[in-house]
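>>> Kindly return the folded structure for what I paste below:
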Amino acid sequence: MKSRITISTIILLFIISFPAKAGGQDEIQKYYNNVAKEVKAANSPAEKREILNNSFTKMSQALKTVQSLPFISEKDRTGIEVLKVKIQEKQDELAGRNGFVRVPDTQLNSFSDYVVQDSEQAVTITISILALVLIAILILILI
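Residues are numbered from 1 along each chain as shown. Below you'll find the model as predicted:
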């Protein structure tokens, strides 16, 4: 029974992953675009920073969860690690930690746009379809 569930799950993941490449990537891009919209709609710099910081935290949690799954390839683990480092750097830049100059309050909207653009490029280059889909699903769950 356990092997039947495992095989069914694997087959389902493969079926989902083929048409979901665009879907998974689209979900991640929608997430970042929504974050940028929220940042631009926020009234104060403190709210903008909180929105950005929370988005980085959610993405880091999703990446960490996917990276720990036993069926994720070593190449994907490495790509996910690169993404985690980039997100941490953006979080550090936002807060002005670890040698980064803090993003000025007047540039938070532009910074959110930069995050969207940079993240879209990074996602398409470094991880496989399956990992991308899993990350998108986890982000939707965390929202």
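
>>> okay, now the closest residue in space to residue 62 that isn't next to it in sequence: neighbour count?
Nearest residue to residue 62, sequence neighbours excluded (CB to CB, 6 or more residues apart in numbering): residue 138, at 3.8 Å. No exception for glycine: its C-beta is placed from N, CA and C like everyone else's. By other CB atoms under 10 Å, the residues close to residue 138 number 18.

>>> again with residue 95
Neighbours of residue 95 using other CB under 10 Å come to 15.

>>> Quick one: residues contacting it.
49, 53, 102 (CB atoms under 8 Å, 6 or more residues apart in numbering).

>>> Helix or strand for the residue nearest to residue 62, just tell me which one.
Take DSSP states H and E as the rule and residue 138 turns out to sit in helix 129-142.

>>> what about that helix, average pLDDT?
The average pLDDT within helix 129-142 is 68.

>>> before we move on, what about stretch 43-56?
pLDDT averaged over stretch 43-56 gives 94.

>>> Only the buried residues of it, if you could.
Neighbour-count burial for stretch 43-56 flags 48-49, 51-52, 55-56 (criterion: 16 or more other CB atoms under 10 Å).

>>> Assign residue 43 to helix, strand or coil.
Following DSSP: H, G, I helix; E, B strand; the rest coil, residue 43 is assigned to coil.

>>> got the buried residues of stretch 43-56 as JSON lines, with secondary structure and distance to residue 93 columns?
Putting the buried residues of stretch 43-56 into JSON lines (DSSP: H, G, I helix; E, B strand; the rest coil; distance: CB to CB, whole Å) gives the following:
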{"residue": "48", "secondary structure": "helix", "distance to residue 93": "14"}
{"residue": "49", "secondary structure": "helix", "distance to residue 93": "11"}
{"residue": "51", "secondary structure": "helix", "distance to residue 93": "15"}
{"residue": "52", "secondary structure": "helix", "distance to residue 93": "10"}
{"residue": "55", "secondary structure": "helix", "distance to residue 93": "14"}
{"residue": "56", "secondary structure": "helix", "distance to residue 93": "10"}
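
>>> And these, which is closest to residue 76?
residue 56 (20.3 Å; CB to CB).

>>> For the closest one, which residues are in contact?
87-88, 90-91, 94.

>>> When you filter these down to buried only, what's left?
87, 90-91, 94.

>>> Right, I'll call it a day here.
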